[in-house]
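In: The following comprises the amino acid sequence and a computationally predicted model.
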Amino acid sequence: MKVIQSKKIITKKILAMSVLIYIFCCADLLFAFDFAPSWDFGHINIAGSFSKDSQILYGSGTLFDINLSDADTGVAFSFSPLEIESNQQLGKTNLFFINAEFSYNTFNNLYKIFRLAVFARINWLTESNTYKYRFMSGLEFSIMAEMSPFCDWKFPLIFKAFSAKTGFRLDYPAKPSFFCSAGITLSLPFYGLSQSANKN
């Protein structure tokens, strides 16, 4: 029992420090970069995590993504208030309420549509366990929509039509694993309607 309690205390301290570092970095970045805000309805993905002990396939998705990106440097930050992961093999569904990601687009000065980004993402605070978190880092290849609906708004709808990720994944309290995922945006129907309206 003492070992379990000490682990919980250490985890709580690590999470508290992570939140403070996260807030500090966000405040610092907001002043250092010229971020342009945008939003997206969310994404749905098919993914898999692979380790020596297990190979798990699962579905995941986010709802209402808020994005901040600097067009000059390729640095971007995104936040989603809800991420869902459904694992049919284990019969489990997780809801994460804090989901943040930092990324750097290496294709920033080469292509407008294609992105190849280095990213780091954290998911934290589930409905059943406040200590559960996930850290992911790796590479993401994505295809941006050429023209987005509401592009003349101050807070426009800008989205990745397709996204594929691969890299390292660390779940608490599970073991580290390798992961890969591929998915599309929930904004595609609105993009199709806007393209049809422009043609007419």
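Out: Great, that's in hand.
In: Lowest mean pLDDT among the helices and strands, pick that one out for this structure.
Out: Least confident helix or strand of the chain, by mean pLDDT, DSSP states H and E, is helix 2-32 with a mean of 55.
In: Tell me how many other residues surround the closest residue to residue 188 other than its chain neighbours.
Out: Nearest non-adjacent residue to residue 188, counting by C-beta to C-beta, 6 or more residues apart in numbering: residue 161, 6.5 Å away. Where you see a C-beta, it was placed from the backbone N, CA and C, and this is true even at glycine. By the other C-beta atoms under 10 Å criterion, the neighbourhood of residue 161 contains 16 residues.
In: State the next helix or strand along the chain beyond the least confident helix or strand of the chain.
Out: strand 36-50 (DSSP states H and E).
In: What helix or strand is the most centrally placed residue in the chain located in?
Out: Central residue check for the chain by C-alpha atoms, centre = their mean: the C-alpha nearest the mean position is that of residue 101, 5.2 Å away. When elements are assigned from DSSP H and E, residue 101 belongs to strand 92-105.
In: Now do that strand: distance to the chain's middle.
Out: In terms of C-alpha atoms, centre = their mean, to the nearest Å, the centre of strand 92-105 is set 4 Å apart from its chain centre.
In: what does stretch 122-133 give?
Out: The gap between the average C-alpha position of stretch 122-133 and the chain average comes to 15 Å, counting by C-alpha atoms, centre = their mean.
In: For it, buried residues please.
Out: For stretch 122-133, burial by neighbour count (16 or more other C-beta atoms under 10 Å) applies to 122-124, 126, 132-133.
In: May I have that stretch as CSV, with CA atoms only?
Out: The C-alpha atoms that make up stretch 122-133 are tabulated as CSV, following Å, rounded to 0.1, in the frame of the first residue of the first chain:
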residue,chain,number,x,y,z
ILE,A,122,0.0,14.8,-24.2
ASN,A,123,-3.4,13.5,-23.2
TRP,A,124,-4.5,13.7,-19.6
LEU,A,125,-7.5,13.6,-17.3
THR,A,126,-9.9,10.8,-18.0
GLU,A,127,-13.4,10.4,-16.7
SER,A,128,-12.3,7.5,-14.4
ASN,A,129,-8.7,8.2,-13.5
THR,A,130,-7.1,11.6,-12.9
TYR,A,131,-3.7,10.0,-12.8
LYS,A,132,-3.9,8.4,-16.3
TYR,A,133,-2.0,10.2,-19.0
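In: quick revisit: could you identify the least confident member of the buried residues of stretch 122-133?
Out: Between the buried residues of stretch 122-133, the one the model trusts least by pLDDT is residue 132, at 80.
In: With residue 92 as the reference, measure out to the closest residue in space to that one that isn't next to it in sequence.
Out: Closest residue to residue 132 apart from its sequence neighbours, by C-beta to C-beta, 6+ apart: residue 126 at 4.8 Å. Distance from residue 126 to residue 92, counting by C-beta to C-beta, to the nearest Å: 11 Å.
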